[in-house]
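1. Need a 3D model of the following:
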Amino acid sequence: MTTPAHAGRMLFVNMPVADIERSKAFFARLGFGYNPMFTDETAACMLVGEQASVMLLSHEKFAQFAKLPMADPTTHTLALYCFSVSARDEVDTVAEAALAAGGSEADGPEDHGFMYSRSFYDLDGHGWQVMWMDPSSTSDSSTSSTPARA
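-> Numbering: from 1, shown residues only. Coordinates of the predicted model:
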């Protein structure tokens, strides 16, 4: 068995936010934690999974990395962010926490039997989807896909 070329890779998604502390509090209410080694007054490293993080960056910090003008996420969609949870009922728990923390609903629940999801916008207007997929439906990864839409 060979090791895939992507083995051991980590993913860091950089996202501009208007207020680091406000965004940290919002996502903490959804159950996310932060890596203090990469968190300061201009950035927060939000832990999404073992090998995936979202860097919440102040607009000024984000502009240091981006070569093009920053788009307004309330009027332009550049990306949609999707994360999974381990149980179907956790989808509703996380989505309701997002709404209670000031987010807004993007779509109602989508129930495909083997997959259940809800979508919301965060405090800055970025689109997020929280989803659960029946583990037995992902046994053949070559035929499964994980849609992400908010």
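2. Got phi/psi on the residue most central in space within the chain?
-> Centroid-nearest residue in the chain: Tyr81, 4.4 Å away (criterion: C-alpha atoms, centre = their mean). The phi/psi pair for Tyr81 (degrees, to the nearest 10) reads phi -110, psi 130.
3. What sits closest to it if chain neighbours are left out?
-> Nearest residue to Tyr81, sequence neighbours excluded (C-beta to C-beta, 6 or more residues apart in numbering): Trp128, at 4.9 Å. C-betas here are computed from N, CA, C, even on glycine.
4. Who does the one you found form a beta bridge with?
-> Counting by DSSP bridges, Trp128 forms beta bridges with Tyr81, Phe120.
5. thought it was touching Ser117?
-> No - counting by C-beta atoms under 8 Å, no contact exists between Trp128 and Ser117, whose distance comes to 10.4 Å.
6. if I pick Thr42, what's in contact with it?
-> The contact partners of Thr42, by C-beta atoms under 8 Å, 6 or more residues apart in numbering, come to Ile20, Leu57, Ser58, Glu60, Lys61.
7. between those residues, which is nearest Asn14?
-> Using C-beta to C-beta, Leu57 is the member of the contacts of Thr42 that sits closest to Asn14, with 5.8 Å.
8. Now do the contacts for that closest one.
-> Taking C-beta under 8 Å, 6+ apart, one finds Asn14, Met15, Pro16, Val17, Ile20, Thr42, Ala43, Phe65 in contact with Leu57.
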